[in-house]
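A.B. asks: got a structure for you, letters missing:
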C-alpha cells in the first residue's frame, strides 16, 4: 500500500514461510549425495537464547570445486550434471539443516574457499548473511576474514566431523553469535 505522505513505510519481517511455496526438488542437494567429491554441510540455527529455530530457511551460494562461480541458468534445475552453486533448505522442527555439495575451490588468488550463507527467520527484518570457511584452509590471506576480530573467527569456521561432514551452527544472537556481514 502506498504511503500518502511519500515517506518510508514500515518494514515487514521475512517470515513466517508457507510450506507450499518453499520446497523444490533437490533444494538442499547441489550435487547428488554419492557424486565424486560430494560433502555434507549441516548444522542447527539457534536464537539468542540458544533455542533451535524451527522455521528458518538457509540458502548457500558457492564456487565449484575449481573456484569458478557458476553461470548456469536456472538455479532450481538439478540435472545431476550442471552445477548451479545454489541451494535452499528449510530447517526441521529442531532447527537442523543439511546440504550436499562439493567443497568449493578458492574463487581468487587472495580468497579462501567458502560458502556464502543466508539465513531467513521469523522476526528478522532482513536476511542474515555470513560465510562458512573450512578448517583445512589457511585463512590469513582472505581479506574479508582478516577484517573479523580474532576472538570471533571460530563463528565463521565449520567443524570437520569424523564422518567427513562439516558442521556449521548459526547463532542469530547471544554470546556465540555468528559473524554476519552487512550486504
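C.D. replies: Noted; the coordinates are in hand. The shown structure was predicted, so the numbers you read here are calculated from the model rather than taken from an experiment. Residues are numbered from 1 along each chain as shown.
A.B. asks: pretty sure residue 146 is in a helix, no?
C.D. replies: Yes - using DSSP: H, G, I helix; E, B strand; the rest coil, the assignment for residue 146 is a helix.
A.B. asks: Tell me the buried residues in stretch 29-41?
C.D. replies: Judged by neighbour count using 16 or more other CB atoms under 10 Å, the buried positions of stretch 29-41 are 29-31, 35, 38-41. To be clear about C-beta, it is placed using only N, CA and C from the backbone, and glycine gets the same treatment.
A.B. asks: Tell me, how many residues neighbour residue 141?
C.D. replies: Other residues within reach of residue 141, judged by other CB atoms under 10 Å, total 13.
A.B. asks: Check residue 79 too.
C.D. replies: Taking other CB under 10 Å as the definition, residue 79 ends up with a neighbour count of 10.
A.B. asks: contacting residues around whichever strand in the chain runs longest?
C.D. replies: Taking DSSP state E as the criterion, the chain has its longest strand at strand 38-46. Contacts of strand 38-46 from elsewhere in the structure, counted by CB atoms under 8 Å, 6 or more residues apart in numbering, are 31-33, 52-53, 56, 58, 60, 91, 94-103, 115, 119, 121, 132, 158, 163-172, 174, 176.
A.B. asks: Skip ahead from that strand and say which helix or strand is next.
C.D. replies: strand 57-62 (DSSP states H and E).
A.B. asks: Which residues does that following strand contact?
C.D. replies: Contacting residues not belonging to strand 57-62 are listed as 15, 17, 22, 30, 41, 45, 85-91, 97, 99, 101, 104, 114-121, 132, 170 [CB under 8 Å, 6+ apart].
A.B. asks: Bridged to the residue nearest the centre of the chain, which residues?
C.D. replies: The centre of the chain sits closest to residue 117, judged by CA atoms, centre = their mean, with a distance of 2.3 Å. Listed beta-bridge partners, residue 117: residue 60, residue 130 (assigned using DSSP bridges).
A.B. asks: you'd agree it is up against residue 133?
C.D. replies: No - with contact defined as CB atoms under 8 Å, residue 117 does not reach residue 133; the gap is 10.8 Å.
A.B. asks: Just the strands from this protein, written as ranges.
C.D. replies: Under DSSP E, the chain gives strands at 38-46, 57-62, 86-90, 96-102, 114-120, 128-133, 159-160, 166-167, 170-171.
A.B. asks: sorry, back to before: specify which member of the buried residues of stretch 29-41 is nearest to residue 149.
C.D. replies: Looking at the buried residues of stretch 29-41 and their distance to residue 149, the nearest is residue 41, at 24.4 Å (CB to CB).
A.B. asks: quick revisit: want to throw the buried residues of stretch 29-41 into JSON lines with distance to residue 183 and pLDDT?
C.D. replies: JSON lines is the format used below for the buried residues of stretch 29-41 (distance: CB to CB, whole Å; pLDDT from 0 to 100):
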{"residue": "29", "distance to residue 183": "25", "pLDDT": "93"}
{"residue": "30", "distance to residue 183": "21", "pLDDT": "93"}
{"residue": "31", "distance to residue 183": "26", "pLDDT": "92"}
{"residue": "35", "distance to residue 183": "30", "pLDDT": "91"}
{"residue": "38", "distance to residue 183": "28", "pLDDT": "95"}
{"residue": "39", "distance to residue 183": "25", "pLDDT": "98"}
{"residue": "40", "distance to residue 183": "26", "pLDDT": "98"}
{"residue": "41", "distance to residue 183": "20", "pLDDT": "99"}
